[in-house]
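Student: I'd like to go over a predicted model; first the sequence, then the structure.
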Amino acid sequence: MLKDTKQQWFKDAKYGLFIHWGLYSILAGEYNGKTTPTIAEWIMNELDIPVKEYEKLASRFNPVHFDAEEYVKLACNWGMKYITITSKHHDGFAMYHSKCSKYNIVDATPYGRDVIAQLAAACKKYDIKLCFYYSQAQDWHDPDGYMANHNNEGKNFRRYFDEKCLPQIKEILTMYGEIGMIWFDTPMGITAEESREIFDFVKSIQPDCIVSGRIGNNLGEYMTTGDNFIPALPYYGDWEVPATLNDTWGFKKSDHNWKSAKDVIRLMVKIVSRGGNYLLNIGPDALGDIPKESVDILNRVGEFLRLNGDSIYGTRAIEPYVYDVEDCLFTAKPHNLFIHLMKRMDRLKLLNIGNRIERAYLLATGEELEVDCRQTCEGDNSWEFRLPQAWPDDIDTVICVETFEEKPVFEPLQQ
Ligand code: FHN
């Protein structure tokens, strides 16, 4: 069944910021001399840190460098259209002032301030959508929450569900204004009834709040792919790829496996050319600083988007999905076909495109391009672009083709 969020903002946004931030950021992937073998926010589970020990991190959490306005300004500058932050991850710690669990950033830390409230105010000010990650099934702090790779038998999940999960969902949907989406995750043993109950509950409070793909039991309103996974097959509904910049979500000081800006831009174009959204993560450290590497990469991506954003935001995949023109990807809008060139070339020839061209130009510079359009009596046609020597961007140079017809009809054949 095709998924449809019915939310135009989500369909047009294409690029969002994921923020994984919590007590695990203090450990930065290390505990008692051991480095966690996997993603940093899983350290409690992976290294079997007892609840009573892990809890103590709260008394050390004092992210005095956190500046919500700065975060939001950066996200805007990076070209992101929505922000999804961990309101509660699997460790059970609320990054906001929860009234139904004292295990939260206001009541349990020296910092004593609600970071979600600060972020909500900044998002409102800069008009960017705010979304919340909420771990609905796994809660390693609550004795009745699920825990991966551990025995969950004998737990009274329903008690946790009624006393923490639903009340906290209500809190995050009532305390911070309009919320774009709740990003549920790892449904584990959650039943179809429980997923449905959460879904209906969210909608009863904020009908326009999107319920993410991982609510469980296929009830989400769009398809969330696997982490960092880009589907090769066509998917026509709404979908999103959650992705990391290195190999962790939460801050991990030993992880230096950063993607380059080139990787990120090309992954983004690939995802968008197939109709998806790209939700790209940062993992701030214990003080609230964003790793410099993340900032540098995202600044460069932001530069690309400032010049070429028209070929990303509000675009759709072309029909049929075509991936076989070497070094090219395509995105489209009414009356526009965007050709993303990943390699320098003097000429580009595309065959059998049904549209008539009004004009073609390089999106980044506005330079008009000469195009030789041919049509034969036998029903074949071609577009041949002459490309300039001065190449705007080796990562992705975008040609914007304005077409007479609203919808680009596109059936290229391999040359
Ligand atoms: O277990 C989580 C993980 O920590 C992280 O939040 C990612 C983000 O997509 N989701 C789960 C694993 O898929």
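Tutor: All right, it came through fine. Numbers count the residues shown, from 1 in each chain.

Student: which other residues reach stretch 98-118?
Tutor: Stretch 98-118 is touched from outside by 21, 55, 58-64, 66, 68, 85, 87, 92-97, 132, 141-142, 163-164, 167-168, 171-172, 175-176, 288, with contacts defined as CB atoms under 8 Å, 6 or more residues apart in numbering. All C-beta spots, glycine's among them, are computed from the backbone N, C-alpha and C.

Student: now, of the residues you listed, which are buried?
Tutor: 21, 55, 58, 61-63, 66, 68, 85, 87, 92-97, 132, 141-142, 164, 168, 171-172, 175-176, 288 (16 or more other CB atoms under 10 Å).

Student: sitting in helices, which of these do you find?
Tutor: 55, 68, 168, 171-172 (DSSP state H).

Student: pLDDT below threshold where in the stretch 101-250 of the chain?
Tutor: Flagging of the stretch 101-250 of the chain using pLDDT under 70 yields the residue ranges 233-234.

Student: for it, what lies in contact range of the ligand?
Tutor: 185-186, 227, 242, 249 (CB under 6 Å from any ligand atom).

Student: is it possible to get a markdown table of those that adds neighbour count and secondary structure?
Tutor: Formatted as a markdown table, these follow (neighbours: other CB atoms under 10 Å; DSSP: H, G, I helix; E, B strand; the rest coil):
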| residue | neighbour count | secondary structure |
| --- | --- | --- |
| 185 | 22 | coil |
| 186 | 14 | coil |
| 227 | 13 | coil |
| 242 | 25 | strand |
| 249 | 26 | coil |
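
Student: quick check, nearest of those to residue 264?
Tutor: residue 242 (13.8 Å; CB to CB).

Student: ok, residue 283 touching residue 251?
Tutor: Yes. At 4.1 Å, residue 283 and residue 251 qualify as touching, with contact defined as CB atoms under 8 Å.

Student: intersection of neighbour lists for those two?
Tutor: With CB under 8 Å, 6+ apart, residue 283 and residue 251 have common neighbours 21, 25, 40, 291.

Student: thought the third one was touching residue 247?
Tutor: Translated: residue 40. No. Between residue 40 and residue 247 there is no contact under CB under 8 Å: 9.5 Å.

Student: all the helices of the stretch 1-150 of the chain, in order from the start?
Tutor: Using DSSP state H, counting those that start in this stretch, the helices found in the stretch 1-150 of the chain span residues 8-13, 24-27, 43-46, 51-55, 68-77, 115-126.

Student: which of those helices sits most buried?
Tutor: By mean neighbour count, with neighbours taken as mean count of other CB atoms under 10 Å, helix 24-27 ranks first of the helices of the stretch 1-150 of the chain at a mean of 25.

Student: any idea how far it is from the chain center?
Tutor: Relative to its parent chain, helix 24-27 has a centroid offset of 22 Å by CA atoms, centre = their mean, to the nearest Å.

Student: what sits against residue 265?
Tutor: Residue 265 touches 300-301, 304, 395-396, counting by CB under 8 Å, 6+ apart.

Student: ok, now which ones touch residue 202?
Tutor: Counting by CB under 8 Å, 6+ apart, residue 202 has contacts 169, 173, 182, 209, 211.

Student: outline the domain layout of this structure.
Tutor: What the record gives for the chain is the domain set 8-311, 328-403, from automatic domain parsing.

Student: could you dump those domains to CSV with distance to residue 317?
Tutor: Output for these, formatted as CSV (distance: least, CB to CB, whole Å):
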stretch, distance to residue 317
domain 8-311, 4
domain 328-403, 7
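
Student: residues contacting the residue lying closest to residue 81 once chain neighbours are set aside?
Tutor: In this structure, residue 81 finds its nearest non-sequential neighbour in residue 13, 3.7 Å apart by CB to CB, 6 or more residues apart in numbering. Residue 13 sits next to 81-82, 129, 277, 313 when contact means CB under 8 Å, 6+ apart.
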